[in-house]
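**Student:** This is the structure alone, sequence omitted:
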């Protein structure tokens, strides 16, 4: 009987690990969460606005990450009928489902930064 429960837990664990792996593969890298967070906080942005805001990202990398995020229906790309052509990026409804997760990551990062930079306890001997 315990073996059956272990199998069920194992299958459930496998499903959860696969979901975590899928998420990490999609959102991994230095820039994807930052791109999503920027669009969530700032709304629709043009390519060059995003590039300026994301100080340090190469145009090729930004383009590639935006394509990946668009392919996964997290970002919408809209080509405007202007001269020169303008391209705008925005978060999709599906992408908005990441707002809480990104907010939690931001909150954790703020707490973590405070933790690692807090002064050493005065009673600690060097």
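**Tutor:** Arrived safely. Predicted, not measured: the structure shown is a model, and the values here were computed from it.
**Student:** burial of residue 102, as a residue count?
**Tutor:** Using other CB atoms under 10 Å, residue 102 is surrounded by 18 other residues. For glycine as for every other residue, the C-beta is placed from the backbone atoms N, C-alpha and C.
**Student:** Check for me that it belongs to a helix.
**Tutor:** Yes - assessed with DSSP: H, G, I helix; E, B strand; the rest coil, residue 102 lies in a helix.
**Student:** Now the helix or strand hosting residue 114: average pLDDT?
**Tutor:** Here residue 114, judged by DSSP states H and E, is contained in helix 99-117. Across helix 99-117, the average pLDDT comes to 94.
**Student:** Give me the buried stretch members for that helix, please.
**Tutor:** The neighbour-count check on helix 99-117 (16 or more other CB atoms under 10 Å) flags residue 102 as buried.
**Student:** which non-adjacent residue is nearest the most centrally placed residue in the chain?
**Tutor:** Centroid-nearest residue in the chain: residue 33, 2.0 Å away (criterion: CA atoms, centre = their mean). Excluding its sequence neighbours, the residue lying closest to residue 33 (CB to CB, 6 or more residues apart in numbering) is residue 27, at 5.6 Å.
**Student:** give me phi/psi at the one you found?
**Tutor:** When read as degrees, to the nearest 10, the backbone of residue 27 gives phi -100, psi 0.
**Student:** picking up where we left off before, tell me who's in contact with the residue nearest to the centre of the chain.
**Tutor:** 27, 102, 105 (CB atoms under 8 Å, 6 or more residues apart in numbering).
**Student:** and it, how far is that from residue 15?
**Tutor:** Applying CB to CB, to the nearest Å, the value for residue 33 to residue 15 is 23 Å.
**Student:** Could you do residue 34 as well?
**Tutor:** Plainly put, residue 34 is 29 Å away from residue 15 if you go by CB to CB.
**Student:** Residue 51 too?
**Tutor:** 38 Å.
**Student:** out of those two, which sits in the busier spot?
**Tutor:** Each of residue 51 and residue 15 has its neighbours counted (other CB under 10 Å); residue 51 has more, 17 against 10.
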